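In: just a sequence and a predicted model for now, questions to come.
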Amino acid sequence: MTEQETTGQVVEKKSSKKMIFIIVGAVVVIGAVIGILFATGIIGGGGDEEIDPNAADPNQAIKTVKPIKAMPTVALEPFVVNLADTDQTRFLKVTIVIELTDEKLVEQVELVKNNIRDAIINLLSSKTYIQIRNSKGKLRLKQELTQRLNEIFQTNAVNDVLFTDFIVS
């Protein structure tokens, strides 16, 4: 083998390694750009539209989704209560956020916070494990709490009661 042939092979190996690095680098950059475009919603999304599969006219199938209006909320300190079970001692630890219908009501919640906590403790401690163990029971409890709190305000001030923590032991 001549010196030129071995030098040619070395140059060829170096250029093929360089080419592999360039291709891999380009793929990484293109992947990153596509990922950013997906994440920002520029491609692959159209997040403000929803397709109505029941629309008679295909041109009317796309409708605009209304943005969700954030309601004012008040987070309460966690509650730990004994449940009303007689066969076994059970505890409920729950953290509640009250969703209000109007921003002006946030100040009123502070004024009657002790009444709110008392009503919640009385209702929670009257429940048994069987009554609150599944999602249907939790939904019913949320409805009862909403009703009880609206009685305190003597109006429909509370839109919803949200559980941010719910542990039974």
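Out: Perfect, I can see it now. Numbers count the residues shown, from 1 in each chain.

In: output the lowest mean pLDDT helix or strand found in this structure.
Out: Sorting the helices and strands of the chain by mean pLDDT, DSSP states H and E puts strand 49-51 at the bottom, at a mean of 54.

In: would you mind measuring from A119 to I30?
Out: According to Cβ to Cβ, to the nearest Å, A119 stands 59 Å off from I30. (C-beta placed from N, C-alpha, C; glycine too.)

In: kindly apply the preceding question to F79 instead.
Out: 53 Å.

In: looking at those two, which is more packed in?
Out: More crowded of F79 and I30, by other Cβ atoms under 10 Å: F79, with 16 against 10.

In: from D118, how far out is the closest residue to the more buried one other than its chain neighbours?
Out: Leaving aside its sequence neighbours, F79 sits nearest to V94 (Cβ to Cβ, 6 or more residues apart in numbering; 5.2 Å). According to Cβ to Cβ, V94 stands 15 Å off from D118.

In: could you list the domains of the chain?
Out: Following automatic domain parsing, one gets these domains for the chain: 3-64, 73-168.
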